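Q: With the input below, show me the fold.
(2 chains)
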Amino acid sequence: MTEIERHAYDVVVIGAGGAGLRAAIEARLQGKKTAIISKSLLGKAHTVMAEGGAAAAMGNVNPNDNWQVHFRDTMRGGKFLNNWRMAELHAKEAPDRVWELEHWGALFDRTKDGKISQRNFGGHEYPRLAHVGDRTGLELIRTAQQKIVALQQEDHREHGDYDARLKVWAETTVTRLLKDGDRICGAFGYVRETGKFVVFEAPAVVLATGGIGKAFKVTSNSWEYTGDGHSLALLAGATLLNMEFVQFHPTGMVWPPSVKGILVTESVRGDRGVLKNSDGKRFMFEYIPEVFKSQYATSEEEGDRWYDDPDNNRRPPELLPRDEVARAINSEVKAGRGSPHGGVFLTVVDRMPGGAEEIKRRLPAMHHQFKELADVDITREAMEVGPTCHYVMGGVEVDPDTGAALVPGLFAAGECSGGMHGSNRLGGNSLTDLLVFGRRAGLGAAEYVDGLAGRPAVPAAEVEAAAAEALAPFEREGGENPYAVHAELQQTMNELVGIIRKEEELERALEALDKLRERVAGVSVEPVAVNDGRGYHPGWHLALDLRNMLIVSEAIAKAALERQESRGGHTRDDHPGMSAEWRKVNLVCRLGGDPSSPRVELRRQPMEPMRDDLIGLFETDELKKYLTAEELPAGVAGDGAAGDGAAEEKQEGDR
Amino acid sequence: MSYEATFRVWRGDDGEGELKDYAVEVNEGEVVLDIIHRLQATQAPDLAVRWNCKAGKCGSCSAEVNGVPRLMCMTRMSTFEPEETITVTPVRTFPVIRDLVTDVSFNYEKARQIPSFDPGDVQPGEFRMQQEDVERSQEFRKCIECFLCNNVCHVIRDHEENKPDFAGPRFLMRIAELEMHPADASDRREIAQQDHGLGFCNITKCCTEVCPEHIKITDNALIPMKERVVGRRYDPVVWLGTKLGIVKKGQDTPSA
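A: Coordinates of the predicted model:
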């Protein structure tokens, strides 16, 4: 048997992005001996790519903003499929989480009176995104990283060891969660540098592994986004919620090929950027859906006035939620009105009063990115953009307050958890999601550990099985190259489970995934010269990640086939409408069948009705667009007239 | 628009290694990291390379391309002639783990020695700072920690013996960032000089030259820090205060 290191912690956090770091900080603040396990070096997580900002109703720029307005925007963005309790907690707690970052040293851009500045963003009624230029994610990661260092410095003063109570396992990958009976007892993984196996003995594990983008060919996500947390949770017996909802960000770079998929921040549109087709037409006015008609400008003039006078004008349709904009771009390209490289044009040229200088000041990272990567000067030329796989709304089914999954001892936060964003996430809600629910999951895990009578033990058989699984790609000889299998998986998902879906294609996708399952099981790698052949071996790493990408792909395709409606990040060409009946349904995935080759199984689970005080925040006319007649507040179900007035009056109080 | 380029890539571990030649396809619009990835996918599946965002934002793919420290994702192939041999080697200042991956733990150790942000008595939500006051530190917080500045700095590039006493441009800049943070209550001027080797810097600006974020490390962080250290030491009021016993020594924040 190969050598295995063992380390004991109270809480193990898998993932070192915003959610993971915040969860680990909280667990450590609660006095728990905590480990952070990161596939990359500390500070490199995909959170650094978040550009726009962190949505929090602080009301610094528009004092009318408050948690209720933010809650409403979030539910609308998610098309009412959100876990409303999560949306409520998020809206209420986001300001505190942002102020906390500032207390840890973050330097946000300022308002004139010295507060944290807030910017407009798609789907947000008021300027709400705390930001630092267009590199807000980097600020969040760096600040959390530096807070971790601050806590390690405390431990160093007290114990003479920086790692005494909070240890970062950089470049370490977890391949299996370990269970003692029905509850979590730890995690099994390998150190990427040496290939050495490690068992983390811990009664509580927080998953914060981010998304699944690497299952798709065109994605804004980095190599790390292989659905690890989603897959680890399923393999450990937990459930995933609404995996069919995948957000395709409307504006990814389409040229040059090396950067295809990389994001162009939505702030470009918040800062007066407009979308045009090859005829030079601002086409978004053609794509305002019925549910949003009252909130968006119908003429370019009104839209343009909105930037300076938002109280008396409606916002431009370039700022519709992401799913709407992505679909519109897709339609324009399909209709032959695309840009030379298969996107559309996004331009800020001549759009800002301060000219080129203002563009550079407001969008420094974008200016830099296009200049360096595409040789395009955005102060003089339009950008070419198109949809790119960006974010998965679906994820581990959790308790909203504690982040607890269905398996005792397992917690999840951030992108790998589900529910918060419903069928579509608003830009800016992700960064505060990480903070709000990262903290809650860290707290939930700490409280769970406190409540345990005894620590679970790690069964030897679990460890042996995990080690055998990890070594399998070396045992097989003459198998396929993992890179080739990965490329085909990505192609399949992009073509058949992409932004627009139909039954026949989804069925073909599932067949293709079945064949890929055999090929994934057959990939093989050759040992390298160092560390028993496993020293920093990217081919081997990918071979192991493939299992996870395949599982999440199957979950997405199955759920997408099942949900016969179009909503948010799930568009069915053959079922174009949004259905109030389907809104009441959560699709829950778990693994079933033969444990040696488990399959994703789907179950329909009724959505819990929204609490009365929260439903009262909406006007009845709006609710009617989403809810069935029976779900509407009492008295308005049959004929709306009588109840409408009451609901509207209540509504007025919040404005 | 495709052509076949000659890549000479360093292969090996911390013990030994060699430059190996590869002929590999290059397409229009690609960067060096694309070519390394193509090598991985088609010829050398075990070729070790660190990368994440592929957009110049995470600072993972640092290497030396034809001897110049660079991010591979930000080095466009169009800057080379098709017939040019492109040599890719790991960054030189840190020990090689394998191929293009180096052990950069030096940087994480230095980061831990610098006293963290100190908010004083201000409570969360109560900070009031002007944009012009935060901009100086914001420039330094653009840093993506690619560590190219530390890699290129001659103080440690070929002088292992200086490493214990020198935090490198990255972390001297971190000290400057905290010193210029409008809400920070600590004083790191003394340790900048005594513990972290600010005096080693003789402002050759190599760090500024390689910074992919175009941060003016030398002009805006290191030189002003040097001035502050001097100001702290030779301020006549402080000197007189200590002599008279009004100003007590030892209020400097110690290294962590």
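
Q: Now do the contacts for A:Asp401.
A: A:Arg85, A:Leu89, A:Arg440, A:Gly444 (Cβ atoms under 8 Å, 6 or more residues apart in numbering or on different chains). Backbone N, C-alpha and C define where each C-beta goes, glycine included.

Q: and what of A:Val348?
A: A:Val348 neighbours (Cβ under 8 Å, 6+ apart): A:Val268, A:Asp271, A:Arg272, A:Gly273, A:Ile359, A:Leu363, A:Ile378, A:Thr379.

Q: Can you select the buried ones from those residues in ChimeraX?
A: To isolate the buried members of the contacts of A:Val348 in ChimeraX, using 16 or more other Cβ atoms under 10 Å in any protein chain shown:
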select /A:268,271,272,273,359,363,378,379
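
Q: so which of the contacts of A:Val348 comes closest to B:Arg128?
A: A:Asp271 (25.0 Å; Cβ to Cβ).

Q: is it true that the closest one touches A:Pro364?
A: No - between A:Asp271 and A:Pro364 there is no contact under Cβ atoms under 8 Å: 11.7 Å.

Q: before we move on, the earlier item: with pLDDT, neighbour count and secondary structure as extra columns, can I get the contacts of A:Asp401 in TSV?
A: As requested, the contacts of A:Asp401 are exported to TSV (pLDDT from 0 to 100; neighbours: other Cβ atoms under 10 Å in any protein chain shown; DSSP: H, G, I helix; E, B strand; the rest coil):
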residue	pLDDT	neighbour count	secondary structure
A:Arg85	98	17	helix
A:Leu89	98	19	helix
A:Arg440	98	27	helix
A:Gly444	98	26	helix
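
Q: so where is the chain shaky, pLDDT-wise?
A: Defaulting to chain A. For chain A, the stretches flagged by pLDDT under 70 are A:1, A:635-655.

Q: was after chain B, sorry
A: Residues of chain B that meet the cut-off, pLDDT under 70, sit at B:247-251.

Q: How much space separates the residue of the stretch 151-256 of chain B found nearest chain A from A:Gln30?
A: Residue of the stretch 151-256 of chain B nearest chain A, by Cβ to the nearest Cβ: B:Ala256 (4.0 Å). To A:Gln30, B:Ala256 is 22 Å away according to Cβ to Cβ, to the nearest Å.

Q: Please apply the same query to A:Tyr307.
A: Separation of A:Tyr307 from A:Gln30 (Cβ to Cβ) stands at 44 Å.

Q: contacting residues around A:His70?
A: Taking Cβ under 8 Å, 6+ apart, one finds A:Ala55, A:Ala56, A:Ala57, A:His90, A:Ala91, A:Ala94, A:His124, A:Arg128 in contact with A:His70.

Q: domain assignment for the chain?
A: Just so you know, I chose chain A. Chain A breaks down by automatic domain parsing into domains covering A:247-390, A:612-652.

Q: nope, chain B
A: B:3-102, B:105-244.

Q: Can I get those domains in CSV including distance to A:Met610?
A: Formatted as CSV, those follow (distance: least, Cβ to Cβ, whole Å):
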stretch, distance to A:Met610
domain B:3-102, 38
domain B:105-244, 30
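
Q: Make a markdown table from the ones you listed and add distance to A:Arg590 and mean neighbour count to it.
A: Output for these, formatted as a markdown table (distance: least, Cβ to Cβ, whole Å; neighbours: other Cβ atoms under 10 Å in any protein chain shown):
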| stretch | distance to A:Arg590 | mean neighbour count |
| --- | --- | --- |
| domain B:3-102 | 31 | 19 |
| domain B:105-244 | 39 | 18 |
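
Q: who's in contact with residue 143?
A: No chain specified, so I'll use chain A. Counted by Cβ under 8 Å, 6+ apart, A:Thr143 has contacts A:Leu101, A:Trp104, A:Gly105, A:Ala106.

Q: hm, I was asking about chain B
A: Per Cβ under 8 Å, 6+ apart, neighbours of B:Cys143: A:Arg142, B:Arg170, B:Met173, B:Glu213, B:Ile215.

Q: Point me to the helix or strand that includes the first one.
A: Same thing as A:Arg142. Using DSSP states H and E, the element containing A:Arg142 is helix A:136-159.

Q: Please point out which parts of that helix sit buried.
A: Quick answer for helix A:136-159 (16+ other Cβ under 10 Å): A:136-156.

Q: ok, now how distant is the nearest residue to B:Val101 once chain neighbours are set aside from A:Thr2?
A: If the residues on either side of it in the chain are set aside, B:Val101 comes closest to B:Ala48, at 4.6 Å by Cβ to Cβ, 6 or more residues apart in numbering or on different chains. Look at B:Ala48 and A:Thr2: by Cβ to Cβ, they are 20 Å apart.

Q: So for chain B, which residue is the most central one in space?
A: Nearest to the mean C-alpha position of chain B, counting by Cα atoms, centre = their mean, stands B:Phe147 at 3.1 Å.

Q: ok, now which ones touch that one?
A: With Cβ under 8 Å, 6+ apart, B:Phe147 has these contacts: B:Gly59, B:Ser62, B:Val91, B:Phe94, B:Val104, B:Asn107, B:Gly168, B:Arg170.

Q: can you list the residues of the stretch 1-150 of chain A near chain B?
A: A:40-46, A:48-49, A:95-96, A:99-100, A:102-105, A:107-110, A:113-115, A:117, A:132-133, A:135, A:138-139, A:142, A:146-147, A:149-150 (Cβ under 8 Å from any Cβ of the partner chain).

Q: among the residues you listed, which are in helices?
A: Among those, the residues falling in helices (DSSP state H) are A:95-96, A:99-100, A:102-103, A:138-139, A:142, A:146-147, A:149-150.

Q: quick revisit: want to throw the contacts of B:Phe147 into CSV with secondary structure and distance to A:Pro250?
A: CSV is the format used below for the contacts of B:Phe147 (DSSP: H, G, I helix; E, B strand; the rest coil; distance: Cβ to Cβ, whole Å):
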residue, secondary structure, distance to A:Pro250
B:Gly59, coil, 27
B:Ser62, strand, 32
B:Val91, coil, 37
B:Phe94, coil, 40
B:Val104, coil, 36
B:Asn107, helix, 37
B:Gly168, helix, 41
B:Arg170, helix, 36
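
Q: Could you dump those into CSV with distance to chain A added?
A: Shown next, in CSV, are the contacts of B:Phe147 (distance: Cβ to the nearest Cβ, whole Å):
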residue, distance to chain A
B:Gly59, 7
B:Ser62, 11
B:Val91, 13
B:Phe94, 12
B:Val104, 7
B:Asn107, 9
B:Gly168, 16
B:Arg170, 12
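
Q: tell me the SS of the nearest residue to A:Val264 once chain neighbours are set aside?
A: Closest residue in space to A:Val264, ignoring its immediate chain neighbours: A:Thr251 at 4.2 Å, by Cβ to Cβ, 6+ apart. At A:Thr251 the chain is in strand, as set by DSSP: H, G, I helix; E, B strand; the rest coil.

Q: number of nearby residues for the nearest residue to A:Thr265 once chain neighbours are set aside?
A: Leaving aside its chain neighbours, A:Thr265 sits nearest to A:Glu51 (3.5 Å; criterion: Cβ to Cβ, 6+ apart). A total of 25 residues lie near A:Glu51 under the criterion other Cβ atoms under 10 Å in any protein chain shown.

Q: Next: A:Ser596.
A: The burial count for A:Ser596: 5, using other Cβ under 10 Å.

Q: and the gap between it and A:Ala521?
A: 10 Å.
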